[in-house]
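In: dropping the sequence and predicted coords here.
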Amino acid sequence: MEFLYASEVLANGLMAGVMYSLVALGFVLIYKASGVFNYAQGVMALFAAMTLVGIMEGRVPFAHLINAAFGVHVSSFGWTVPGLFAILLTALIMVGLAIAIEKLVLKHLVGQEPIILFMATIGLAWFLEGLGDVMWGADVKVLDVGLPQGISETVETMTDNWLGYGFFIDRLDIWAAVIAAALVAALVGFSQYTKQGRAMRAVADDHQAALSVGISLQFIWIMVWSIAGFVALVAGIMWGTKSGVQFSLSLIALKALPVLMLGGFTSIPGAIVGGLIIGMGEKLFEYFVGSMVGGATENWFAYVLALIFLVFRPQGLFGERIIERV
């Protein structure tokens, strides 16, 4: 029976790992195109989720500012928007955000050191968090786009019939796993087998060299930030549905960091494998060891594991080893 309990913990850990991987995918995309860690990816997921809720509920953007400036009391347009149409509108907004980022930030930083780009993403993160607060308010929002939630009776029945013990797996986690697998397959195919994907890798290697062979930095950066925005939207939907849309959602970026250290900053499949290892490892460690050390090991296990990887394999499992000759 102990083995069955551990197997259920393992299964839930794998499902949690998929959720981490959804966030890590956005980081990998930006890193492959610019060579910089995008600190704003977690806030982009938060902003996308807040915008989606605002559109679905028919909220008036900047309602607090409008009310304060004109002495009125508006909060809603008086209608609601279907989930699928709201997702499409939010995706278009994320594309517009990508265009604005390229026009206002990135094009002024061509050829700069990666640390400069990293600092720019920190500023962008704080700006987006404040913008989301002003646009949609700081209250905790409920996000429901129609994804099934609750314990999967199918999985419980199947495992009970096969093993004599029913596993409790959230249906939302199963959907997240399916969506993550589809995203990874699409992104790997895009980056490896399309002209735009090869251009993206060239831009990551050297901005100036890419420009000299006719690659448009403007197009590549808009494309990559748009894709990262869409990935952030998917992650925001999953995490927002699971735990509500609130400002702590932006902190999922911190859990994505050890995922990237394990899988490698330049590998799309590595983001998934790293997430699965982190999710599986932290759940099993908490199950077997947590009671011996006072519990709450899930808060720090991922970072300790990432530190070990940094010592023995700094490029991660699937990352590229960079050799510089001096």
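Out: Arrived safely, thanks for sending.
In: rest of the way, CA atoms for contacts and neighbours
Out: Noted.
In: got a list of what residue 250 touches?
Out: Contact analysis of residue 250 by Cα atoms under 8 Å, 6 or more residues apart in numbering lists 42-46.
In: let's see it at 7 Å
Out: 42-43, 45-46 (Cα atoms under 7 Å, 6 or more residues apart in numbering).
In: please check the residues you listed and keep the buried ones.
Out: Listed as buried from these are 42-43, 45-46; burial here means 16 or more other Cα atoms under 10 Å.
In: need those residues in a markdown table with secondary structure, can you?
Out: Putting those into a markdown table (DSSP: H, G, I helix; E, B strand; the rest coil) gives the following:
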| residue | secondary structure |
| --- | --- |
| 42 | helix |
| 43 | helix |
| 45 | helix |
| 46 | helix |
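In: which one of the contacts of residue 250 is nearest residue 92?
Out: Set against residue 92, the nearest of the contacts of residue 250 by Cα to Cα is residue 45 (14.4 Å).
In: state the pLDDT value of the closest one.
Out: For residue 45, the model assigns a pLDDT of 91.
In: just to check, it is in contact with residue 239?
Out: No: at 8.8 Å, residue 45 and residue 239 do not qualify as touching, with contact defined as Cα atoms under 7 Å.
In: what about residue 182, neighbour count?
Out: Using other Cα atoms under 10 Å as the criterion, residue 182 is surrounded by 11 other residues.
In: what about it, distance to residue 234?
Out: 12 Å (Cα to Cα, to the nearest Å).
In: what is the mean pLDDT for stretch 89-97?
Out: Rounded mean pLDDT across stretch 89-97 is 95.
In: buried residues in it?
Out: Buried residues in stretch 89-97, counted by 16+ other Cα under 10 Å: 89-91, 93-97.
In: compile those residues into a markdown table and extend it with columns for distance to residue 190.
Out: Output for the buried residues of stretch 89-97, formatted as a markdown table (distance: Cα to Cα, whole Å):
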| residue | distance to residue 190 |
| --- | --- |
| 89 | 23 |
| 90 | 22 |
| 91 | 19 |
| 93 | 22 |
| 94 | 20 |
| 95 | 18 |
| 96 | 21 |
| 97 | 22 |
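In: mind listing which of those are in helices?
Out: Judged by DSSP state H, the buried residues of stretch 89-97 include 89-91, 93-97 as members of helices.
In: tell me the contacts of residue 114?
Out: Listed by Cα under 7 Å, 6+ apart, the contact partners of residue 114 are 35-36.
In: if we go to 6 Å?
Out: Residues near residue 114 by Cα atoms under 6 Å, 6 or more residues apart in numbering: residue 36.
In: over to residue 142?
Out: Applying Cα under 6 Å, 6+ apart, the residues near residue 142 are residue 244.
In: now it: how far from residue 91?
Out: Separation of residue 142 from residue 91 (Cα to Cα): 19 Å.
In: make JSON lines out of the buried ones among the contacts of residue 250 and add distance to residue 104.
Out: Shown next, in JSON lines, are the buried ones among the contacts of residue 250 (distance: Cα to Cα, whole Å):
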{"residue": "42", "distance to residue 104": "20"}
{"residue": "43", "distance to residue 104": "18"}
{"residue": "45", "distance to residue 104": "20"}
{"residue": "46", "distance to residue 104": "21"}
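In: of these, which is the nearest to residue 255?
Out: Nearest to residue 255 among these, counting by Cα to Cα, is residue 42 at 9.7 Å.
In: test my guess that the closest one contacts residue 254.
Out: No: between residue 42 and residue 254 there is no contact, the gap being 8.2 Å when judged by Cα atoms under 6 Å.
In: wait, which of the buried residues of stretch 89-97 is closest to residue 224?
Out: residue 95 (9.8 Å).
In: check the offset of the helix or strand bottoming out on mean pLDDT in the chain from the chain's centre.
Out: Every helix and strand in the chain was compared by mean pLDDT, DSSP states H and E; the lowest is helix 207-212, with a mean of 76. Here the centre of helix 207-212 is set off from its chain's centre by 29 Å, with Cα atoms, centre = their mean, to the nearest Å.
In: show me what it is in contact with.
Out: For helix 207-212, using Cα under 6 Å, 6+ apart, the contacting residues are 202-203.
In: what of stretch 169-177?
Out: Contacts for stretch 169-177 (Cα under 6 Å, 6+ apart): 15, 18, 148-152.
In: okay if I get those as a markdown table plus neighbour count and pLDDT?
Out: What follows is the contacts of stretch 169-177, written out as a markdown table (neighbours: other Cα atoms under 10 Å; pLDDT from 0 to 100):
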| residue | neighbour count | pLDDT |
| --- | --- | --- |
| 15 | 25 | 85 |
| 18 | 30 | 84 |
| 148 | 15 | 85 |
| 149 | 16 | 84 |
| 150 | 11 | 84 |
| 151 | 15 | 85 |
| 152 | 17 | 83 |
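In: need those residues in a markdown table (columns: distance to residue 310 and secondary structure).
Out: Shown next, in a markdown table, are those (distance: Cα to Cα, whole Å; DSSP: H, G, I helix; E, B strand; the rest coil):
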| residue | distance to residue 310 | secondary structure |
| --- | --- | --- |
| 15 | 25 | helix |
| 18 | 22 | helix |
| 148 | 38 | coil |
| 149 | 37 | coil |
| 150 | 37 | coil |
| 151 | 37 | strand |
| 152 | 38 | coil |
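In: I appreciate the help and will end here.
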